[in-house]
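Student: Please work out how this folds:
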Amino acid sequence: MTDRLGHKQTAAMFTLMVLGREVPNQELQEVVGFTLTGKDRTNLNALGYVESEPTGPRKSFVHVLSDSGWAWCEEELAAGDPPPPRGQSTLASALYVLLGGLNEYLVRENKRLFHVFGPGETRAEPGPIAEATTAGDLEDRIRVAYRELVREPRGWVALVDLRPKLGAPANEVDAVLKEMSRAGKAHLVPEDNRKVLTPADREAAIRIGGEDNHLLSIEAL
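Tutor: The predicted structure follows:
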């Protein structure tokens, strides 16, 4: 069973799920009428469901669901019996009925939440490499794509060029890349010359330790 969250925390989780990307507090205020601050933010950060980074001169926070956060949302949808969090209205109860119907659709179609709510690029059809390596895991696909793109051993490959070859949701790719980085199998670094970055480069970047990384190098193929 998932952790039972309070009214505001639950609302924040589902809002971040539907938006499927980094969301600043200002946008949360505009979309749902509240910001994620104080104990609500620190609790979700401590649980590992939401990653929050201060940004701008006023250090306002930007939030994004972590992999654990996506998993919480999926479990909450699949739970079925538990009532909505205490203090919720009849409208919220109806929302949980709706979410239960969404879960039934996901199960029936063998899809995940990020297929519905993830960034646009995650809903693209798998490319040739994805089809050719269905039996392998995502790390294998990353290695195959990297080998096709790299020009010299342990050279640098732009994530903007790598991602379209994988045919996998951005959240899953990010999780595998972070694990490869932690294990010393791969290195992720920012582009030194920020002036050459395109909007696509920025969109494809992976955020680690509060820094956007745009380039990948793999130790051994």
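Student: Show me what counts as buried in stretch 214-221.
Tutor: Judged by neighbour count (16 or more other C-beta atoms under 10 Å), stretch 214-221 contains these buried residues: 214-216, 218. C-beta coordinates here come from the backbone N, C-alpha and C atoms, glycine included.
Student: do stretch 143-156 as well
Tutor: For stretch 143-156, a neighbour-count test (16+ other C-beta under 10 Å) marks 143-146, 150, 156 as buried.
Student: For it, measure first residue to last.
Tutor: With C-alpha to C-alpha, to the nearest Å as the measure, the ends of stretch 143-156 fall 13 Å from one another.
Student: what about that stretch, average pLDDT?
Tutor: Model confidence over stretch 143-156, given as mean pLDDT, is 87.
Student: now swap in stretch 172-182 and tell me
Tutor: The average pLDDT within stretch 172-182 is 89.
Student: thinking residue 66 is in contact with residue 50, fair?
Tutor: Yes. At 6.5 Å, residue 66 and residue 50 qualify as touching, with contact defined as C-beta atoms under 8 Å.
Student: These two: which is more packed in?
Tutor: Higher neighbour count among residue 66 and residue 50: residue 50, with 26 against 19, using other C-beta atoms under 10 Å.
Student: pretty sure the more buried one contacts residue 68?
Tutor: No. Counting by C-beta under 8 Å, residue 50 does not reach residue 68; the two are 9.1 Å apart.
Student: and the residue nearest to the spatial centre of the chain, what helix or strand is that in?
Tutor: For the chain, the residue lying nearest the average C-alpha position, counting by C-alpha atoms, centre = their mean, turns out to be residue 171 (3.8 Å). Mapping residue 171 onto the secondary structure by DSSP states H and E places it in helix 170-182.
Student: right, and the helix or strand after that helix?
Tutor: Toward the C-terminus from helix 170-182 - assigned by DSSP H and E - lies strand 186-189.
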